[in-house]
Structure formats: structure tokens, C-alpha cells
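In: Sequence and predicted structure, then a few things I'm wondering about:
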Amino acid sequence: MISFLHKCTVAPECCGISRNKMISNCVDETTIMSTHGSAHRFRVNYNETKDLSNSQCINSPTFKSGGYSWIIRCYPKGSRKDDDDDNVGLFLQLMSDYRNLYVSFTLSIMGKRLSEPLQRNFYGKFRGVRSNCGLHLFIRRTTLEQVYLTEDGCFQILCFIKILGQDCHGVPRVPIGNLKENISKLWENGEMTDVNFDVEGEIISAHRVILGSQSPVFKAELFGHMAEAKSECIRIEEMKPEVFRALIRFIYNGSLDNERDTDQATFVMTQHIQAAADRYAVEGLIAKCEGYLIKNLSSDIVMDVLMFAEQHYFTKLKIACLEFASRQDNFREVAFTDGYIQLARADPSLWEELRRFTRAKS
């Protein structure tokens, strides 16, 4: 079975359910150790989730893997308040106080004996305690009920975790000079490529060794034990072709297109590219996008950038946005923007943090 790389999206905090109820939904906990990592299985009583609402979750018991503590979070009716009730979200959450931990893992849904497991692969950067990675739409409730529920109304979640560890840091870069220029030309001309990526139907080719040398996530994906390492074409989900192409271009030549443009489309594109760089742990591109956004902050876009920084845990960018927006002259303009109103509705705690910054400067 070939499984594909998925973007690590962030789940909201679990609410509205007692701890006892969370744990009672997960029984028959099993841990299986191997040389490649460890697998953890939980049997979920689906019948006990019927009264849950959107954004309410079932938490597995805390378990250990790679020396770190984890939980599985399952949202039977969607992980966001505005989700379709038919969405089932599934996330892995770090419970240990450790920053910038890179992990490859799979989440699988299993149930009826003859049903083929639904498996999805992830490569995630866990930025600290309670950071998480997964999909808001992992499976449809209707599919879960029809294909995976057993006669007693249960299904199983299997999670396989591999800590990438120190291999994620200090990866050597391609030397600069003529070699860099020549390698970049090989990519631009599509010569000697050995891996293809399917991004919304568009095929983008590259060289495994170049991607693996610049990104620990690509290294794990293309040279590890996962199915992608043997696949000639890997499907990339939840990313636009132009964003993925910009990521690959930076890996080959260190450039970011339209760095001098300041139109709204460029700001939005830069945020997408920074999120992609974070997804693949390309630190140089993260810094380049962050520098562009900070340099070109304005009253019109600062609230959008602030919410983006908060969502993806870009602390430096978040502080820069708060500092900019809280300046007295800037805040007079920011307070009348649609972004400011949207922030108050979407993230009251972040809005209050901005208010505290503003009061401190007044």
C-alpha cells in the first residue's frame, strides 16, 4: 500500500469532556516496539461519541514512544466549530516539554476483519508541549460507520511513531559556486531527476539526494523505511503546485521569487511558502520568508500575518506583528481594519494579548 505525505495541521484544545470519559473511550491499549519505532493501538467505543459536538474530542491515554509522552486525539464530529459534522479529525499530540522535535508517524483506522486499513503518513515538527499534527478531515463519518465499525460499535486507531532525532539537525548544504549553479540548471531542465511529485495533478520532478541533503523531512521520506522511499511518484496533498515549486527552487538555488514585490498576493504567497518550509524543515527558507513579512508589515496586513504566525508557532514573526500593531500611530489604523475585528472573533486570547501590548506602550 502506498501512503502519502500530509500537511501537519493544528487541532484546537479539547473541550467539554471529562478526563474519565476520554479514557473510557479507549481500551485495549497495546504498544509494539521494533527497530524502526513503536506502534500504539487503541480501541475506540464509537457508540459513546454520539452526544459529542464539533470540536469535542476523545483523548487516548498518555503513552511513551522514543522517550517522549504522546496522546492521540480523535474528533468524531470535526475538530473545528465550523466543521461539517461528517468530518472525523485525527491528531498526534506531544505531551513532553521538548521543543522542535521532528517525527515521522502514521495514523491508521482499522475495524472489520476484511476492511483494508486506512493509513496516512505524516512528517511533523512538534514545537513544544501540546503541539500536534494530523488532519482535520482524516475520514468521513459515513465511511467510518459503513466500512470500519465492528458489530459492537468499535473501531481501532493504530499509530506508528519514529523519532527522527539528531538526523534532523546539521544536515550539510550543497556547496555554493559553480556546483550549485550547475545542479540548479539540472533541475530547471529536468535532467537526471529520479523522483516525481504529484501536486494537484501537476508533476514536479527533482533529485532525491539534493532534497534529502537540504531537508530532514525529505531525507526521512525519500531514504527511510516509509513507502515513499520506494515510490517513483509521491502525491503531495494540501499544497498548491506553485508553493511546492517555490520550496524546491529555494532548495536548489536559495532564491525566493518576488522578494521585492509588496502586493497582497505576494504577502499571501509568502505565508504559504513559509508554512511549506516549516512542513519540510527548510530553516533557511523559513527565515527568508519571515524576514520578508517583517520588513513589509503594514496596518492593512499585520493582523492576517499575526494570526498566521500564531497558527504555525512562528514566535519571532508573532512578536514582530505585536510590536508593530501596538505602536500608537499604527494601532489607530489597525483597530479599524477588518483583520482586527476578525482576530477578536476568531482568537480572543490573541486579541487580548495584542491589547496588553498596546496598553504597555501607551
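Out: It's in. Numbers count the residues shown, from 1 in each chain.
In: Wait, a helix at residue 250?
Out: Yes. With DSSP: H, G, I helix; E, B strand; the rest coil as the criterion, residue 250 is assigned to a helix.
In: what's around it, how many residues?
Out: By other CB atoms under 10 Å, 21 other residues sit near residue 250. Using the backbone N, CA and C atoms, a C-beta is placed for each residue, glycine as well.
In: list the contacts for residue 82?
Out: Residues near residue 82 by CB atoms under 8 Å, 6 or more residues apart in numbering: residue 54.
In: ugh, wrong one, I meant residue 164
Out: So residue 164 contacts 102, 103, 104, 216, 220 (CB under 8 Å, 6+ apart).
In: Low-confidence stretches in the stretch 101-250 of the chain?
Out: Low-confidence segments of the stretch 101-250 of the chain (pLDDT under 70): 165-178, 226-229.
In: Helices along that one, start to end?
Out: Per DSSP state H, counting those that start in this stretch, the stretch 101-250 of the chain carries helices over the ranges 141-143, 178-188, 208-214, 216-223, 241-253.
In: of all these, which lies closest to residue 55?
Out: Minimum separation from residue 55 across the helices of the stretch 101-250 of the chain (CB to CB) falls at helix 141-143, 14.8 Å.
In: now what about that closest one, what contacts it?
Out: 76, 77, 85, 86, 87, 88.
In: at 10 Å what do you get?
Out: Contact partners of helix 141-143, identified using CB atoms under 10 Å, 6 or more residues apart in numbering, comprise 46, 49, 76, 77, 78, 84, 85, 86, 87, 88, 109, 118.
In: among the residues you listed, which one has the lowest pLDDT?
Out: pLDDT across the contacts of helix 141-143 is lowest for residue 84, at 70.
In: what about that one, which SS state?
Out: coil.
In: Excluding chain neighbours, what is closest to it?
Out: In space, and not counting its chain neighbours, residue 84 is closest to residue 78: 6.2 Å by CB to CB, 6 or more residues apart in numbering.
In: what's around the one you found, how many residues?
Out: So residue 78, with other CB under 10 Å, has 23 neighbours.
In: Need phi/psi at it.
Out: With angles defined as degrees, to the nearest 10, residue 78 sits at phi 100, psi 140.
In: With residue 76 instead?
Out: Torsion angles, degrees, to the nearest 10, at residue 76: phi -60, psi -20.
In: Going forward, the N-terminal residue is numbered 13.
Out: Let's use 13 as the start, then, which means that last one is residue 88.
In: picking that back up, the residue nearest to residue 96 contacts residue 102, doesn't it?
Out: No. Counting by CB atoms under 10 Å, residue 90 stays clear of residue 102, with 11.4 Å between them.
In: joint contacts of the two?
Out: 69, 148, 149.
In: got a winner among those residues for most neighbours?
Out: residue 69 (28 neighbours).
In: Do a quick rundown of the strands in the stretch 163-312 of the chain.
Out: Taking DSSP state E, counting those that start in this stretch as the criterion, the stretch 163-312 of the chain contains strands spanning 166-175, 207-211, 214-218, 245-248.
In: So which of the ones you listed is the most surrounded?
Out: When these are scored by mean count of other CB atoms under 10 Å, the highest mean neighbour count falls to strand 166-175 (a mean of 20).
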